[in-house]
Every structure is written in structure tokens, then in C-alpha cells.
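Asks: model the structure of this input:
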Amino acid sequence: MHILILGGTTEARALAGLLHATDLGVRVTSSLAGRVAAPRLPAGEVRIGGFGGPEGLAAWLREHAVDAVIDATHPFAERISFNAAAAAATAHVPLLALCRPGWVPVEGDDWHEVASLDAAAAALDGFGERVFLTTGRMGLAAFAGRPEWFLVRSVDAPEAPMPARTEVLLDRGPFTLDGERELLRCHRVDVLVTKDSGGAATAPKLTAAREAGVPVVVVRRPPVPEGVPTAATPEEAAAWARRVRGRAYGATDTARAR
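Replies: Residues are numbered from 1 along each chain as shown. Next comes the predicted model:
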């Protein structure tokens, strides 16, 4: 069985490891977008780069005899998720979306939810002069016209356009609560801007902001394709893959055993 994982996330790497370690004869290929210069590579085969839209992905699925696709991309990788849904339907290949749960505010949080990066930039009025921006290096153009000072944290160095008053912090999670507390204190952060990426790796900043009384502008997740089954954890996704394999290959394996 050949499974294509659309990856690049912590969950995608964990899933590839789970599937690669099974004794079910599963071939795993992980596809990375190529936006990170030195990505953490998962177990199994890896390809890097785009497919050329849903038509190109559907052709790739047929050419490489893919039996199932698991979309484990970032919650804000909206285009590839819709492309995957269209391609899987065209190629008649089962598709699962591995969606990490989003963050949920708790008592003491001062969250201000918005629908987009442009809306996040517009929402900064009145929050102070020092902004901790953790939305990644893509999309900084939305904040380019803002007068505030920005601390931008990303894995790779961002490119222009970006805010005129910017300090770049190159770092990769997971981050610790003590580290996030110190960062907010040392940089005298007035407001935190983040996407609702979910997961534990970058969640400590939310706890640190709550403790420090720092407001948080949260960009809501984009819509997802309708009708695609979902899993919340790599373990659930691996179980789905085993069920798909059982339906596709169970009869053949039983015949061979006889």
C-alpha cells in the first residue's frame, strides 16, 4: 500500500514514523512544500515542491499508484487542502485530513479574534507600540504600513515587504513557558499576534501572555473542504490508514496466507 502524506507539520512527521514502523508493508511518501530551507525530514520517502494544482496532484497520485492520501498540512495551508480534496476525488483515492485541534481561550485570556492577517493588522490600534508577531514569515506585507515596533519570530528569515521597525528572531519550536515569559518581559511586548495554529509546540506563548496580561490578536482558521473525514491525532490517522489497507488488501492477504 502506498500512502501519500501532505506534510510539513509535527503531526505529519509523527504519522510518517508510525506508518513507517508498521509491519503491514506500507510505503510512505511525505510531500513537503519547500518553504523551509532546512526542514525536519520524516521517516520514509520524501518529495519537496508543489504538484501544479489539483490536476497535477491527481496525475501524481495515478502515476505513483497512491492508495490513500492524508492531508497533514498546517491548518492555514488552505490552498493545498482544497487541492487535495479535488485531486483525491478525481483520482478516486480515499482522503483523510489530520487536523490538530485549535486553541481554546480560558479564564484570564484577553483574546481578540479576527478573520485574516489584514484584519489583525487593522486591530492593532490602541494596543501599544510593541508587537510580538508569530504568524510566520509569509504574510508580513499585511503589517508593512503599521507604525508599531515588531518582533517577528520565524524559522527562516522573512523577506520584504515588512514593517519598517522590525526585529527578526529566528527560532523553531517547541518553545518553553519560561522562555516565552522571558521573551515577553525582555522585549516589553504590549500585544501578541498569532494564528490559531493549535498544538502544544507554540502554545506556551498564550499562557505567558495570559500571565502577563498581554492581549492576543488571534487569526481564525480558514474554511476546510466539506465532506473530508478528519482525525485529531497521528494515532487516529494511522488507524484510519490500517482500515483502508484492510479493505483494499485484506482479501488478497488472506488468499496468500492460504
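Asks: now do the contacts for the closest residue to V219 other than its chain neighbours.
Replies: The shortest distance from V219 to any non-neighbouring residue, by C-beta to C-beta, 6 or more residues apart in numbering, is to K195 (4.5 Å). (Glycine included, C-beta is placed from N, CA and C.) By C-beta atoms under 8 Å, 6 or more residues apart in numbering, K195 lies in contact with P75, F76, T134, T135, G136, V218, V219, R221.
Asks: now the fourth one: how far from D71?
Replies: Distance of T135 to D71, given as C-beta to C-beta, to the nearest Å: 21 Å.
Asks: these two - which one has more neighbours?
Replies: Neighbours were counted for T135 and for D71 using other C-beta atoms under 10 Å; D71 has more, 27 against 21.
Asks: how long is stretch 222-234 from one end to the other?
Replies: End-to-end distance of stretch 222-234: 22 Å, with C-alpha to C-alpha, to the nearest Å as the criterion.
Asks: buried residues, it. List them.
Replies: P225, V228, A231, P234 (16 or more other C-beta atoms under 10 Å).
Asks: same thing with stretch 137-154?
Replies: Buried residues in stretch 137-154 (16+ other C-beta under 10 Å): 137, 139-143, 146, 148-154.
Asks: what pairs with V193 across the strands?
Replies: Counting by DSSP bridges, V193 forms beta bridges with L133, V217.
Asks: contact partners for it?
Replies: Counting by C-beta under 8 Å, 6+ apart, V193 has contacts A120, L124, V131, F132, L133, T134, T135, V216, V217, V219.
Asks: R242: which of these is nearest?
Replies: Nearest to R242 out of the contacts of V193 is V219 (C-beta to C-beta; 35.1 Å).
Asks: how far away is that closest one from R137?
Replies: From V219 across to R137, the span is 15 Å (C-beta to C-beta).
Asks: over to E113?
Replies: 23 Å.
Asks: D109 too?
Replies: 26 Å.
Asks: which residues in the stretch 1-150 of the chain form strands?
Replies: 2-6, 27-32, 45-48, 68-71, 95-98, 111-114, 130-134, 149-154 (DSSP state E, counting those that start in this stretch).
Asks: other SSEs contacting the fifth one?
Replies: By that I understand strand 95-98. helix 10-20, strand 68-71, helix 78-91, strand 230-231, helix 234-257 (3 or more C-beta pairs under 8 Å, 6 or more residues apart in numbering; DSSP states H and E).
Asks: list the neighbouring strands of it plus their orientation.
Replies: Short version: by DSSP bridges, strand 95-98 pairs with strand 68-71 (parallel), strand 230-231 (parallel).
Asks: R27 is nearest to which of those strands?
Replies: strand 68-71 (10.9 Å).
Asks: show me what the mean pLDDT comes to for the closest one.
Replies: For strand 68-71, mean pLDDT rounds to 98.
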